[in-house]
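Colleague: need a 3D model of the sequence below.
(chains A and B)
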Amino acid sequence: MAVTRWLEPEIAQTYPALTQDALWERERDRPTLQYIVVDELEEQIAILVIEPWPELDKRGRLSFDDEKERLEVTVAVGKLEPFLHRRALLPPAEGLELKAARQRPLRIGDVFCAPVDRAALKGEADSVHSWLHTPLIDVSARARQAAKAQYFAAVGPVLSQGEVEHLAQEFFGGEPERD
Amino acid sequence: MPAPDLPEALLAPAVDFTAEADLGDLIYWVVNVGDGDCQLLALPALGDGRRPLMVVDVIKATKLNRLVADLAAAGVVADPATFDLVVATHPHEDHIGGMATFLKTHRAQVKELWDPGYWHTSGSFHSMMQAVEDQGIDYLQPSSGTSKWIGKVRITALAPGVSLRNRFDSYGIEINDSSIVLKVEFPAARVIERDEEERLPVELPTRTTLILGADAQTTSWSQVLVDFPQLGPEKTAVTEVLKAARGNEPLDAEILKVPHHASKHGVNLELVEQIAPALSIVSCGRELGKYNFPHLVAQEIMREAREAIAGSQDKERSSDDKLGIHYTGSNLDSGDPAGSVGVIVAPSGSRKLYRFGDNDDENVSLTNARRVG
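Modeller: Got it, this is the predicted structure:
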């Protein structure tokens, strides 16, 4: 059964050039795409947690390899941020001023999708261009949504599509708005 | 500044730790995991002879799992061990990196998980919450004042304050300030039964309190000081009644797990003076690590709170071991690692402190417990 990787169809749709570049096909043979989280920011230092891009399990949850391939990387914000400002692609969204959004400061919880050269990380992580490659996609908004969904699914009930439709019909007379 | 060396002359010869504690004692470990946190509490045995366990943060599951297995094999805890409470203080990697593995290893033995409710985007957070979902673990999002009793121990959340917790949704709070800070009181008994027909509230002459500071920073501690104000200096009728009702000053503690690996943002002088800990334990690496923890200014705050000499030019500062400040990352002056910290607390309030000599990548050997002082 084919493995579904998180956001793959959306990214392909948003950036058709990437798929024409056969990025995703190459990835199937030699995965280098990584899930890069800004875990901590302090004293102009960023701690990144880098792990293989997650798959989706049968319930639509992001599935990570527990601890096996996880890397913690310390990098100067002054080196990382300008690189991201120059290179990161930001999925268009309604009401989003793309140019301003691209120049925003890093925040804890930001997530980027990019190929990472893990071997190069054994050297100086501040040489960002040596290990962080393009295409580099800022998926922070979707990642925060996914984390929020995982949290509430774990601690509270999850509604079926049928229940949602029933509730929507009963209370709102149609489809509910998505958070 | 790096964690200072500990004079080996202060350490007694190695003994078997499992023979050192009585069933009625509370045992507290700060496991040497380098630049991160992992704490284990073996609570006093319940009526059935079983010691409930409590875990606070897991950066590395393998080392903790091995320690628990060794304790079970030695009969110190039940086999399989049961974890009445597991706390993920906040979802930073150096606190929950091994939590999912830990929860999956012990499955039905984990009764309840506390987490601040700050949803983080990391894989560790997803994996931890999936374990909660899959295993049906009881979940609680505590805020200041939430209390739980396990046998003779009372556990109270000092932080996050409600006003902080209510801002998590908007990411308006620095993630460290979402930390669950815990107060652990032992023994927590407040009632005496004199005969079959008489029960009276009492104030026990001895009680040991531990404050486990997680990574809470100034914003969170300032809220703690509002929610749990010091009563003593006021000496009004209201504060006297409050003090009598609560049993003690709300932030007095004998043992402080120093917040945020002794970051300069984790402690301030007024706070540590108010806690006035006889024993302060810092979880940090031997090398200075990512952020150069422990910070010198934080170390000086802890020292000054224990020995106020600022402004006295002719007084020399005592060494950290004399001030009761210990670091998991310390070496002995012989060059060997001092290792994980273990504290046995008796109901009478007496304490015994041990070091286990393990590096952060080595297991804790229970037969290598060396008593300090």
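Colleague: and chain A, which residues reach chain B?
Modeller: Within chain A, the positions adjacent to chain B are A:35, A:37, A:39-40, A:42-43, A:45, A:47, A:49, A:51, A:54, A:61-64, A:66-67, A:70, A:72, A:74, A:107-111, A:140, A:143-144, A:146-148, A:150-151, A:153-155 by Cβ under 8 Å from any Cβ of the partner chain. (C-beta placed from N, C-alpha, C; glycine too.)
Colleague: ok, residue B:116 touching residue B:168?
Modeller: Yes. At 7.2 Å, residue B:116 counts as touching residue B:168 under the criterion of Cβ atoms under 8 Å.
Colleague: quick check: neighbours shared by those two?
Modeller: When contacts are counted by Cβ atoms under 8 Å, 6 or more residues apart in numbering or on different chains, residue B:116 and residue B:168 have residue B:178 as shared neighbours.
Colleague: neighbour count: the two, which is higher?
Modeller: Legend: neighbour count by other Cβ atoms under 10 Å in any protein chain shown for residue B:116 and residue B:168, higher for residue B:116 (26 against 19).
Colleague: and stretch A:89-107, what's buried?
Modeller: Of all the residues in stretch A:89-107, those buried under the rule 16 or more other Cβ atoms under 10 Å in any protein chain shown are A:89, A:90, A:91, A:102, A:106.
Colleague: that stretch: end-to-end distance?
Modeller: End-to-end distance of stretch A:89-107 (Cα to Cα, to the nearest Å): 16 Å.
Colleague: mean confidence score for that stretch?
Modeller: When pLDDT is averaged over stretch A:89-107, the result is 77.
Colleague: repeat for stretch B:140-151
Modeller: 96.
Colleague: and the end-to-end length of that stretch?
Modeller: By Cα to Cα, one end of stretch B:140-151 lies 19 Å from the other end.
Colleague: what's the nearest residue to residue B:250 if we skip its chain neighbours?
Modeller: Nearest non-adjacent residue to residue B:250, counting by Cβ to Cβ, 6 or more residues apart in numbering or on different chains: residue B:228, 3.8 Å away.
Colleague: contact partners for that neighbour?
Modeller: B:144, B:158, B:250, B:251.
Colleague: going by distance to chain A, which of these wins?
Modeller: Comparing these against chain A with Cβ to the nearest Cβ places residue B:144 closest, at 19.7 Å.
Colleague: in terms of helix, strand or coil, where does the closest one fall?
Modeller: coil (DSSP: H, G, I helix; E, B strand; the rest coil).
Colleague: would you confirm that residue B:160 contacts residue B:175?
Modeller: No. If you go by Cβ under 8 Å, residue B:160 and residue B:175 don't touch, sitting 10.9 Å apart.
Colleague: give me the residue from chain B nearest chain A.
Modeller: For chain B, Cβ to the nearest Cβ, closest residue to chain A: residue B:123, 3.4 Å.
Colleague: neighbours around the nearest residue to residue A:137 once chain neighbours are set aside, how many?
Modeller: Of all residues not flanking residue A:137 in the chain, residue A:113 sits nearest, at 4.4 Å (Cβ to Cβ, 6+ apart). Neighbour count of residue A:113, defined by other Cβ under 10 Å: 23.
Colleague: quick one: residues contacting residue A:113.
Modeller: A:7, A:11, A:33, A:34, A:35, A:36, A:53, A:136, A:137, A:139.
Colleague: my guess is the last one meets residue A:114, correct?
Modeller: No. No contact is recorded between residue A:139 and residue A:114 when judged using Cβ under 8 Å, the distance being 9.9 Å.
Colleague: what segments of chain A are strands?
Modeller: A:33-42, A:45-52, A:55-56, A:62-63, A:71-76, A:88-89, A:111-115, A:136-138 (DSSP state E).
Colleague: least confident of those strands, on average?
Modeller: Across these, strand A:88-89 gives the lowest mean pLDDT, at a mean of 84.
Colleague: strand partners of that one, parallel vs antiparallel please.
Modeller: According to DSSP bridges, strand A:88-89 has the following sheet partners: strand A:136-138 (parallel).
Colleague: count residues in the vicinity of the residue in chain A that chain B sits nearest to, would you?
Modeller: Proximity of chain A to chain B (Cβ to the nearest Cβ) peaks at residue A:64, 3.4 Å away. Neighbourhood size, residue A:64 [other Cβ under 10 Å]: 24.
Colleague: circling back to that earlier point, what is the nearest of the buried residues of stretch A:89-107 to residue B:98?
Modeller: residue A:106 (25.9 Å; Cβ to Cβ).
Colleague: shouldn't residue A:134 be in contact with residue A:116?
Modeller: No. Using Cβ under 8 Å, residue A:134 makes no contact with residue A:116, being 11.2 Å away.
Colleague: what sits against the residue of chain A closest to chain B?
Modeller: So residue A:64 contacts A:35, A:51, A:52, A:54, A:70, B:123, B:124, B:126, B:127 (Cβ under 8 Å, 6+ apart).
Colleague: just checking, the third one touches residue A:63?
Modeller: Which is residue A:52. No. Using Cβ under 8 Å, residue A:52 makes no contact with residue A:63, being 10.4 Å away.
Colleague: derive a ChimeraX selection command for the buried subset of the residues of chain A next to chain B.
Modeller: In ChimeraX, a selection of the buried entries from the residues of chain A next to chain B looks like this (16+ other Cβ under 10 Å):
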select /A:35,37,39,40,42,45,47,49,51,54,61,62,63,64,66,67,70,72,108,109,110,111,140,143,144,146,147,150,151,153,154,155
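Colleague: who are the packing partners of the longest helix along chain A?
Modeller: Looking across chain A with DSSP state H, the single longest helix is helix A:140-155. With contacts defined as 3 or more Cβ pairs under 8 Å, 6 or more residues apart in numbering or on different chains; DSSP states H and E, helix A:140-155 has these neighbours: strand A:111-115, helix B:123-135.
Colleague: so residue B:62 sits in a helix?
Modeller: Yes. Residue B:62: assigned to a helix according to three-state DSSP.
Colleague: relative to residue B:52, how far out is it?
Modeller: Per Cβ to Cβ, to the nearest Å, residue B:62 is found 23 Å from residue B:52.
Colleague: between the two, which one's more packed in?
Modeller: residue B:52 (21 against 15).
Colleague: poorly predicted segments of the stretch 1-150 of chain B, please.
Modeller: Scanning the stretch 1-150 of chain B for pLDDT under 70 picks out no residues.
Colleague: do you have the helices of it handy? List them.
Modeller: In the stretch 1-150 of chain B, the helices defined using DSSP state H, counting those that start in this stretch lie at B:61-73, B:93-96, B:99-106, B:123-135.
Colleague: which one, of the ones you listed, ends up nearest to residue B:187?
Modeller: Per Cβ to Cβ, nearest to residue B:187 of those: helix B:61-73, 21.6 Å.
Colleague: ok, the residue nearest to the spatial centre of chain A - contacts?
Modeller: Nearest to the geometric centre of chain A sits residue A:139, at 4.1 Å (Cα atoms, centre = their mean). Residue A:139 makes contacts with A:7, A:91, A:111, A:112, A:113, as judged by Cβ under 8 Å, 6+ apart.
Colleague: one more time with 10 Å, if that's ok
Modeller: Taking Cβ atoms under 10 Å, 6 or more residues apart in numbering or on different chains, we find residue A:139 in contact with A:6-7, A:10-11, A:35-36, A:88-91, A:110-114, A:145-146, B:121.
Colleague: brilliant, that's me finished.
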